[in-house]
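Enquirer: Below are the sequence and a predicted model; questions follow.
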Amino acid sequence: MIHFLEKLPSEECPKLIHRVVDGVCGRSGPRRTDYGERWSLTEWVELMNTLSSCIRFAVGRGCSDQEIRELLRELETAHAEAVLQCVRSRFDEIRHALVDRTNGISTHKYLHLSALNTPLLNLSLDLKENGIQRTVNIEMNKEELQTLISALEAANKVILKLKAP
């Protein structure tokens with residue numbers, strides 16, 4: 001849906017593309033209201049998503065100018081060149097933002113995964129009370145399991161004492 005960009009005069013295109021790059025870099029992106037009624041809401045969302053994806057792809061893959069032009073082949077030359085010039089002039093900034101975003105995701109996942117690195121026991125007990133059977137599932141770590149085993153051993157000793165003559 002990148003062809004929606006052609007609704008904007010080519011001389012206004014660089015300003016919009018730079019605002020899209022601002023959004024990719026984590027700052028305030030363009031607002032539809034700044035461009036009047038050129039695009040419907042659906043067209044605007046599709047254009048912003050397509051431009052952002054194209055820019056992230058081009059920078060993330062380190063595309064050459066020719067590869068970027070190929071990505072933009074649906075656009076008129078002036079609009080495609082505006083996108084290319086913006087991507088080239090802000091390439092390092094975009095790459096840095098993409099790396100930061102990836103590191104942020106990775107760090108969060110590593111912290112989550114390190115918390116999951118604790119071995120757990122999943123204990124499923126079938127209980128029968130007043131003729132009604134139900135299942136109780138319990139998840140516990142090593143320390144909780146040891147506490148349960150100690151409590152069950154103590155209960156067993158009490159039962160054995162009660163059964164003794």
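Expert: Ah, there it is.

Enquirer: all helices in the protein, in order from the N-terminus.
Expert: When assigned using DSSP state H, the helices of the chain occupy the ranges 13-24, 41-60, 65-71, 77-89, 91-116, 142-163.

Enquirer: Could you tell me the least trusted of those?
Expert: Averaged per stretch, pLDDT over these is lowest on helix 91-116, reaching a mean of 75.

Enquirer: gap between Gln133 and Val87?
Expert: Relative to Val87, Gln133 is positioned 65 Å away (CB to CB, to the nearest Å). C-betas here are computed from N, CA, C, even on glycine.

Enquirer: For those two, indicate the residue with more neighbours.
Expert: A count of neighbours by other CB atoms under 10 Å puts Val87 above the other of Gln133 and Val87, at 22 against 8.

Enquirer: isn't that one right next to Ala58, touching?
Expert: Yes: contact between Val87 and Ala58 holds when scored by CB atoms under 8 Å: they sit 5.6 Å apart.

Enquirer: joint contacts of the two?
Expert: Common contacts of Val87 and Ala58, defined by CB atoms under 8 Å, 6 or more residues apart in numbering, comprise Ile68.
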